[in-house]
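Visitor: Pasting a predicted model and its sequence here:
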Amino acid sequence: MMVGATLRVLNCLSLPLRPSASLLGRAAVAVHCSAADAGAADAWVSKSFTPSSSVGDTIFALSSGAGRAGVSVVRVSGPQAREVFLRMAPGRNGETPEPRKAVLRKLWAPEDDEGKRGGLIDEVLALWFPAPNSFTGEDTVELHTHGSRAVVAATLEALGRLEGLRMAEPGEFTRQAFANGRMELTQVEGLADLINADTEEQRKQALRNMGGAQRSKLEGWRQELLSALAHTEALIDFGEDADDVTADALRGAVTKVRVLRREVENQLSDGGRGEVVREGVRVAILGPPNAGKSSLLNMLAQRPAAIVSPIAGTTRDVVQVTLQLGGLPVLLSDTAGLRESTDDPIEQQGILRTLGEARRAQVQLWVYDATDPPTRAAQLDTVALGAGAARSAGVDGAADEALGEGAVLGEGAVLGEDASSAVQLLVLNKLDLLHSPDLLHSPDLLHSPAEPTGTSGSAEMGAFPWSPLLARERQYHLSCTTGEGVQPFLDALSQMIASKYGASDREAALITRARHREHLRRCADALEAFEQYAGLGDSAPLDLAAEEIRIAANELGKITGRIDVEELLDVIFRDFCIGK
């Protein structure tokens, strides 16, 4: 059976279909493995870890924040944790206290070489967590000391003198928890995000993931795929010999796969909501020189983050500040002014950097003088403006190069979306320069939902200027000099960001990191290839079709850490602090 299945896989490679990329890399060595074997492998993975309480080190570290505090928490985890408790925080009966119950103890330095007890370090609350019911899954002690630097230093120095103990590496306590089956990989990532959360939406998303929301969804999908794999393999192995195994088994598998693929593709088309919450909403301030972009940045940041000057082209580089709007982190970028031609090579480089920032942005704030709003589409087009500046400087293709660089967002990158997918808002600054004082105090004129009706955008509004390029609900009049209109604009921007990227009543985002998106994309490709193979009817290469389901299931398993993630662990855990 094994040899025959392998030959069938190899013989099918000449079919005029495109298998998924994962299968192409493995086809030459493909072998047949049943769904039952896959389940057994899962069971082996979950039981194959050897807890460090059997053979590993005992580690310790400060688990609370460094510096002065009312209380500091020192954690000890490993096979010698109980001995540490009894030697450094002994009780009258010479035994550890009731598990998970805080007791007041005197904390002593360990004995010297002559067996003489060391000096008193502090009076602490001590807790005992026997394995496996601890954070790490191993015997664990927590010492809640007074939070002075001297007490913490003396405690850590005393622990370091005990044989067999060593200082924990960054994230090592969490890595023990992962190795001992106390957490899976998406929960580990959720914990890391929770520790680093700065905003309310980040906290909510991280808490859901740490609680297993991602794992539950992904494991549910994976079980559906294993069921479809079992149906397909039953037809391969027994279709010719058993009356109760018919083509209905394959049709059932195809139905399951089709439904699941649509669910995966829906998650992939979520606009990068989860990554944006985690990494922050990128907002680029764009526009011509001297429109007030740097003034707007300083107004929103409430500090002089960027140099403001009446000289056009003062901003040459990207200046960034971080805000919180709508419960989400926002990375606000002031950029060099855009114009269609320039002979200044330094300004040209600034414009190219502006193009890259515009490409990365989820929101583009175009700033123009309220007395001269934009009327041509090219005035809100970074590609057109940037390409013109590049050509005027004699650098062919420079704009395209900048946009290509802009698509690379770094680790945890959000999208690879085109700049045209960004939300565009128009800020008409310098409202104080308009001569009609009545307009300054008219809410209807400051922000009207009506559509503009002419090239000037002001036909029915008297002398008040609007741009015909965007709907009026996406245009805001304000003055960075007087502050007029700034707060209504900020409130509207916060509401827009919260409604677009916040969780609200929607289903929580499944994809929160670039690696999640990549594995789901490969999963969707494999499921599509399965449907193509299965659609060939009687000539369907079922061995290849089954292999595509297996690849898809493995991609889901890589997200949760069930399969082949050892190379990721160092990257993930190094981002933790020492005591976690």
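Guide: Arrived safely, thanks for sending.

Visitor: residue ranges of the strands in this protein, please?
Guide: Taking DSSP state E as the test, the strands found in the chain are 58-62, 69-77, 103-108, 120-129, 140-147, 165-167, 281-286, 319-325, 328-334, 363-369, 423-429, 475-477.

Visitor: tell me the domain ranges of this protein?
Guide: What automatic domain parsing lists as the domains of the chain is 1-49+184-270+516-580, 56-180, 276-501.

Visitor: will you turn the strands of the chain into a markdown table that also has mean neighbour count, mean pLDDT and distance to residue 177?
Guide: Where C-beta positions appear, they are placed from N, C-alpha and C, glycine not excepted. A markdown table is the format used below for the strands of the chain (neighbours: other CB atoms under 10 Å; pLDDT from 0 to 100; distance: least, CB to CB, whole Å):
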| stretch | mean neighbour count | mean pLDDT | distance to residue 177 |
| --- | --- | --- | --- |
| strand 58-62 | 24 | 96 | 12 |
| strand 69-77 | 21 | 95 | 9 |
| strand 103-108 | 16 | 96 | 24 |
| strand 120-129 | 20 | 97 | 12 |
| strand 140-147 | 22 | 96 | 10 |
| strand 165-167 | 17 | 95 | 18 |
| strand 281-286 | 26 | 93 | 32 |
| strand 319-325 | 17 | 88 | 31 |
| strand 328-334 | 22 | 90 | 27 |
| strand 363-369 | 23 | 93 | 38 |
| strand 423-429 | 22 | 93 | 40 |
| strand 475-477 | 24 | 92 | 48 |
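
Visitor: Can you convert the ones you listed into CSV and add a column each for distance to residue 85?
Guide: Formatted as CSV, those follow (distance: least, CB to CB, whole Å):
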stretch, distance to residue 85
strand 58-62, 11
strand 69-77, 8
strand 103-108, 9
strand 120-129, 6
strand 140-147, 5
strand 165-167, 12
strand 281-286, 47
strand 319-325, 42
strand 328-334, 41
strand 363-369, 54
strand 423-429, 56
strand 475-477, 62
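
Visitor: of all those strands, which lies closest to residue 217?
Guide: strand 328-334 (22.5 Å; CB to CB).

Visitor: low pLDDT regions in this protein?
Guide: Scanning the chain for pLDDT under 70 picks out 1-55, 115, 238-247, 305-316, 385-420, 435-464, 503-507, 564-580.

Visitor: Pull out the buried residues from stretch 548-567.
Guide: 548-563, 565 (16 or more other CB atoms under 10 Å).

Visitor: whoops, I mixed them up, stretch 514-524
Guide: For stretch 514-524, a neighbour-count test (16+ other CB under 10 Å) marks 514-517, 519-520, 522-524 as buried.

Visitor: List the ones among these that fall in helices.
Guide: Secondary structure from DSSP state H places 514-517, 519-520, 522-524 of the buried residues of stretch 514-524 in helices.

Visitor: In space, what's closest to residue 187 - neighbours in sequence excluded?
Guide: In space, and not counting its chain neighbours, residue 187 is closest to residue 210: 5.4 Å by CB to CB, 6 or more residues apart in numbering.

Visitor: How about the contacts made by that neighbour?
Guide: 187, 190-191, 193-194 (CB atoms under 8 Å, 6 or more residues apart in numbering).

Visitor: One more: residue 56?
Guide: Per CB under 8 Å, 6+ apart, neighbours of residue 56: 78-79.

Visitor: distance of it from residue 182?
Guide: 15 Å (CB to CB, to the nearest Å).

Visitor: okay if I get the buried residues of stretch 514-524 as JSON lines plus distance to residue 293?
Guide: Shown next, in JSON lines, are the buried residues of stretch 514-524 (distance: CB to CB, whole Å):
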{"residue": "514", "distance to residue 293": "30"}
{"residue": "515", "distance to residue 293": "35"}
{"residue": "516", "distance to residue 293": "35"}
{"residue": "517", "distance to residue 293": "32"}
{"residue": "519", "distance to residue 293": "39"}
{"residue": "520", "distance to residue 293": "37"}
{"residue": "522", "distance to residue 293": "41"}
{"residue": "523", "distance to residue 293": "42"}
{"residue": "524", "distance to residue 293": "40"}
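
Visitor: Return the member of those residues nearest to residue 74.
Guide: residue 515 (33.2 Å).

Visitor: in terms of contact, does the closest one touch residue 555 like I think?
Guide: No: Residue 515 is beyond contact range of residue 555, at 10.7 Å (criterion: CB atoms under 8 Å).

Visitor: looking at the domains of the chain, which is closest to residue 510?
Guide: domain 1-49+184-270+516-580 (4.9 Å).

Visitor: Return the residues in contact with residue 139.
Guide: 53, 77-79, 81-82, 129-131.

Visitor: And those residues, which two are furthest apart?
Guide: The widest separation within the contacts of residue 139 (CB to CB) is 13.7 Å, between 79 and 129.

Visitor: and residue 112, what does it touch?
Guide: Counting by CB under 8 Å, 6+ apart, residue 112 has contacts residue 118.

Visitor: the residue most distant from the middle of the chain, which is it?
Guide: residue 114 (54.1 Å; CA atoms, centre = their mean).

Visitor: ok, that residue to residue 156 distance?
Guide: If you go by CB to CB, the gap between residue 114 and residue 156 works out to 23 Å.

Visitor: And for residue 202?
Guide: 31 Å.

Visitor: Quick one: the contacts of residue 139 as TSV, columns for distance to residue 235 too.
Guide: TSV is the format used below for these (distance: CB to CB, whole Å):
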residue	distance to residue 235
53	46
77	49
78	50
79	51
81	53
82	55
129	50
130	50
131	46
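
Visitor: which one of the residues you listed has the most neighbours?
Guide: residue 77 (31 neighbours; other CB atoms under 10 Å).

Visitor: hang on, that one packs against residue 177?
Guide: No: here residue 77 does not reach residue 177: they are 9.3 Å apart, not a contact under CB under 8 Å.

Visitor: which residues are common contacts for those two?
Guide: Common neighbours of residue 77 and residue 177 (CB under 8 Å, 6+ apart) are 135-136.

Visitor: Can you get me a residue count around residue 511?
Guide: 22.

Visitor: Now for it: which residues touch it?
Guide: Contacts of residue 511 (CB under 8 Å, 6+ apart): 267-268, 270, 272, 274-275, 517, 520.

Visitor: Which residue ranges of the stretch 301-450 of the chain form helices?
Guide: With DSSP state H, counting those that start in this stretch as the criterion, the stretch 301-450 of the chain has helices at 345-360, 382-392, 398-406, 437-440, 443-446.

Visitor: scratch that, the stretch 151-300 of the chain is what I was asking about
Guide: 172-179, 185-195, 200-210, 213-238, 247-268, 273-279, 293-301.

Visitor: Which among the domains of the chain is found nearest to residue 508?
Guide: With CB to CB as the criterion, residue 508 lies closest to domain 1-49+184-270+516-580 of the domains of the chain, at 5.0 Å.

Visitor: And residue 543, how close does it get to residue 233?
Guide: From residue 543 to residue 233 the distance is 9 Å (CB to CB).

Visitor: which one is residue 327 nearest to, not counting chain neighbours?
Guide: residue 200 (4.0 Å).

Visitor: The one you found touches residue 329, doesn't it?
Guide: No: the pair residue 200 / residue 329 is not scored as a contact, 10.3 Å apart, by CB under 8 Å.

Visitor: who's in contact with residue 366?
Guide: Contacts of residue 366 (CB under 8 Å, 6+ apart): 286-287, 374, 380, 424-427.

Visitor: Save these as JSON lines, and put in distance to residue 474 too.
Guide: Putting the contacts of residue 366 into JSON lines (distance: CB to CB, whole Å) gives the following:
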{"residue": "286", "distance to residue 474": "14"}
{"residue": "287", "distance to residue 474": "15"}
{"residue": "374", "distance to residue 474": "13"}
{"residue": "380", "distance to residue 474": "11"}
{"residue": "424", "distance to residue 474": "7"}
{"residue": "425", "distance to residue 474": "5"}
{"residue": "426", "distance to residue 474": "6"}
{"residue": "427", "distance to residue 474": "10"}
